Structures are given as C-alpha cells and as structure tokens.
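[1] Mind folding the following:
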Amino acid sequence: MTTDGTGGAPARRRVALTGISSRAWEHPADRGALTALRELRGFDDVVKAFFGMWNERAFRLSYLAAAIRVDHRQYPRIHRLYAEAGAALDVPALPELFVTQSPWLTAEAIGLDRPFIVISSACAQQFDDDELRCLLGHELGHVGSGHAVYKTILSILTRWAANLSWLPVGALALRAIIAAMLEWWRKAELSGDRAGLLAGQDPGAALRLLMKLAGGGDLSQIDTTAFLEQATEYDGGGDLRDSLHKIRMTAWSTHPVPVARAADLRRWIDSGEYARLLDGEYPRREDDGLTSVSAEIKAAAESYREAFGRSQDPLVGLLRRLGDGASDLGEWAGGGATRARSWMSAAGDAATRAAGRTRRSGRGDASAGSDGADDDGTDPRGR
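    Next up, the predicted model:
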C-alpha cells in the first residue's frame, strides 16, 4: 500500500472532478481579483487591445519550430501524464504541450486566444511521474483560471515601465500598478499549486515538486519535514532586518519563494479543503455566472487578515503590538482586490490608448508576449 509521501494516510485513487470550476483551486486573493477584473466594463475590449500588440501565432510557431510537441508518438510518457492530469481536472480540451531544451526547471502557460503549455527538458528528466503530473496540473490550472491573459498584460506594463524610466511621475505610477499586479500574481501561483495537487492527488509529490524547484532534482538526501521547518524559520526567524530583506526579495517577484509555497499548500491540505474537494464538495463551472463580486472581495480581504494574524514575521508582530496600526494595516491589505480592480482599469485605459497609437503607426509589438507566460521555476535571472 502506498502512502502520500509525507508519512500520512495511504494515497487515494485519483478521482475525476467532473465539472469542477477554477474557483475551487483559486486562492481567495487571486479569486477576488479575477472576479473583479472580469466584471470590469469594457474589459474584453482592453484584452483585445493588448492582443493586438502580441502576435500569439508567431510565438506559437517559434515553439513549433524549435521545441517538441507532445503527443502519443513524442514523449508518450508525458502525454499519458498530461491526459491523466487533464482527466482529474475535467479539462474539456487539452491545450497543446511542448517540451523545450533547457537545463532549468521551468514551465509556462502561454497565450490569449489558444493557450498552450511549455515545459523544459529538465522537468521531463528530473521529475518522476507523480511530480510531473502535478506540474502539468499546475499549468492547466493557470489556463483554466485565465491567468495567462493577465500575465501578458503585466509583461507589457513592465516593458512600458522600463521605457518610461526617464519620466519620474509616469514611471512611479506605472510601477505602483505593476507592484499591485505582482502581488496578485504571487497569489495566482498559490492557486496553480493547488490545481497541481488536485490533478495529481498526491500531497507528497506536490511538496517534492517544490523541493526540487528549490534544491535540484536529487532528493535522496532531502527531508520534507526539514524543508517545512525552513518555511517556519523563514516566516518568523530573525529580526526587523530580516523582514526588510524579505520585502526586498519578494516585492518585484512573480513567484513566492518555494518554502512559502510549500507552507501554504500544507496549510490548505490541513484545513480540510483539499479533502472536501476530492469528496465532491466543489463549485461547478455551470454556476460561474452566479459568482458574487462583493462576496469574493470579502473572502479575499479575510484571507489577507488571516495571513496577517497568522504571520510570525518580526515586522508584522511589531505592527500587531501597535494595536490600531495593525488593524489599519489588515484593512488596507484586505482591500487589495478592490485596488487591483481600479489599478487594472487605469492600466486598461492606458493600454487601449497605446494600442490605438500602435495601430495608427502601422506596427505591433510582437515581442511583448515573450514574457507573458507563467514561469513556474527558477533560473539564473531569478524569475
């Protein structure tokens, strides 16, 4: 009898989560922001404006030309695991999947109209079946939530910030929007981790995946309990200097650090939510139209408050001891989804104007999408 890889109960047989909505795996802060963004008036027009600046067809052709498209003849092992992950998440039609040559453990969900997934050859070589199934489920989760659309927008805004760096006022405003979107994207990564776990339904493999992202492919001398102890020390160890270092490390990052992702996934499992979803207690896609924006934003606010109350970070502890100041900070953090909505609206207006200028000038920005993807791993650039 196999176990879940963490010393817990025996591993369950994978079940198909028929009709499951992406809301089931989305982190509350991610779900609140997504729900608010989808309700923006004219948002479809904004997405089309961005799409006009990003030649998705050309980008897909670059992978068709220089990567391996996975099917029953090419990488049949990965093809089988991909189908199993898709079956667990009840994906109606699997996006195209490519393997590209790279020594780094990376994976991406790319595209707006017809999203596709790319994983590195290192993933194919260093992840076992259970870990790879989890990774593929992570990327399917991004596709199901529509994350690639917003990440493409983020990449374009980042390019604008670089181009406008000589304008202090414009650059500061744009960087504030980017910082808000990066905070949302870090929560979207936590959503992807939960989708990966639901696809593989093996908590041990999900944690091993994060351990390999942190320390490489050889886990023969690595211990899950010790890795989670690192997460605890990262959260609460040190003094205020460490708190400031953590802010510097994460403020402009698209991904939470691996130990933080492992700790969040472990908390989600321990909360009982994961087991309830496997037992069939999950939102259905057919009910997505009934989603309440105000309810989702309230849930996002509550998740920030809970994180604030749970954190052992020295700076957060100091703010809690200040009493009213801590309460004010909790309220400010809880309003993150609402601010993301207003900031995205402003960014969308700017995008629409820029797209109009681009069309009038008769040229597009075909390279903007090269970063418009989910980079689920680490590389020497620190992405």
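
[2] quick one, strands of the stretch 1-150 of the chain?
    Using DSSP state E, counting those that start in this stretch, the strands of the stretch 1-150 of the chain run over 68-69, 97-100, 107-110, 116-120.

[3] Show me what the second one is packed up against.
    Contact analysis of strand 97-100 by 3 or more C-beta pairs under 8 Å, 6 or more residues apart in numbering; DSSP states H and E lists helix 56-66, strand 68-69, helix 76-88, strand 116-120, helix 121-126 as its packing neighbours. Yep, even glycine has a C-beta here, placed from its N, CA and C like the rest.

[4] Put the alpha carbons of stretch 25-35 into PDB.
    Presented in PDB, the C-alpha positions along stretch 25-35 are these (Å, rounded to 0.1, in the frame of the first residue of the first chain):
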ATOM      1  CA  TRP A  25      -8.500  25.900  -6.600                       C
ATOM      2  CA  GLU A  26      -8.000  29.600  -6.700                       C
ATOM      3  CA  HIS A  27      -6.500  31.300  -3.700                       C
ATOM      4  CA  PRO A  28      -9.100  33.700  -2.200                       C
ATOM      5  CA  ALA A  29      -7.000  36.800  -3.000                       C
ATOM      6  CA  ASP A  30      -6.500  35.500  -6.600                       C
ATOM      7  CA  ARG A  31     -10.200  34.600  -7.000                       C
ATOM      8  CA  GLY A  32     -11.300  38.000  -5.700                       C
ATOM      9  CA  ALA A  33      -9.100  39.900  -8.100                       C
ATOM     10  CA  LEU A  34     -10.100  37.700 -11.000                       C
ATOM     11  CA  THR A  35     -13.800  38.100 -10.300                       C
END
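
[5] hang on, the earlier thing: out of the strands of the stretch 1-150 of the chain, which comes closest to residue 239?
    Closest to residue 239 of the strands of the stretch 1-150 of the chain is strand 107-110 (C-beta to C-beta; 36.1 Å).

[6] picking up where we left off before, okay, the helices and strands packed on strand 97-100, which one's buried deepest?
    Among the helices and strands packed on strand 97-100, ranked by average contacts under mean count of other C-beta atoms under 10 Å, first place goes to strand 116-120 (a mean of 25).

[7] and it, what does it pack onto?
    Judged by 3+ C-beta pairs under 8 Å, 6+ apart, strand 116-120 is in contact with helix 56-66, strand 97-100, strand 107-110, helix 129-145.

[8] what mean pLDDT would you report for the helix or strand containing residue 319?
    Secondary structure from DSSP states H and E places residue 319 in helix 314-321. Averaging pLDDT along helix 314-321 gives 76.

[9] For the remainder of this discussion, apply numbering that starts at 138.
    Understood, numbering begins at 138; the last thing we discussed is helix 451-458.

[10] low-confidence ranges in the stretch 338-487 of the chain?
    Applying pLDDT under 70 to the stretch 338-487 of the chain flags residues 460-487.

[11] let's see it at 80
    The model of the stretch 338-487 of the chain has pLDDT under 80 over residues 353-355, 374-376, 388-389, 391, 428-431, 433-434, 436-438, 440-458, 460-487.

[12] Next: the stretch 138-287 of the chain.
    Scanning the stretch 138-287 of the chain for pLDDT under 80 picks out 138-149, 170-194, 248-250, 285-287.

[13] can you put the helices and strands packed on strand 234-237 in JSON lines and add distance to residue 153?
    Output for these, formatted as JSON lines (distance: least, C-beta to C-beta, whole Å):
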{"stretch": "helix 193-203", "distance to residue 153": "29"}
{"stretch": "strand 205-206", "distance to residue 153": "25"}
{"stretch": "helix 213-225", "distance to residue 153": "6"}
{"stretch": "strand 253-257", "distance to residue 153": "20"}
{"stretch": "helix 258-263", "distance to residue 153": "24"}
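
[14] Out of those, the one nearest residue 361 is which?
    Smallest distance to residue 361 across the helices and strands packed on strand 234-237 (C-beta to C-beta): 17.2 Å, for helix 258-263.

[15] Just send the helices and strands packed on strand 253-257 back as JSON lines, with distance to residue 344 too.
    Formatted as JSON lines, the entries for the helices and strands packed on strand 253-257 read as follows, by distance: least, C-beta to C-beta, whole Å:
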{"stretch": "helix 193-203", "distance to residue 344": "30"}
{"stretch": "strand 234-237", "distance to residue 344": "24"}
{"stretch": "strand 244-247", "distance to residue 344": "17"}
{"stretch": "helix 266-282", "distance to residue 344": "9"}
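
[16] hey, where'd the helices end up in the stretch 388-520 of the chain?
    395-407, 410-415, 430-447, 451-458, 461-471, 473-498 (DSSP state H, counting those that start in this stretch).

[17] quick one: the shortest one to chain centroid distance?
    Pointing back at helix 410-415 there. How far helix 410-415 lies from its chain's middle: 20 Å, per C-alpha atoms, centre = their mean, to the nearest Å.

[18] Show me which positions of it end up buried.
    The neighbour-count check on helix 410-415 (16 or more other C-beta atoms under 10 Å) flags 410-411, 414-415 as buried.
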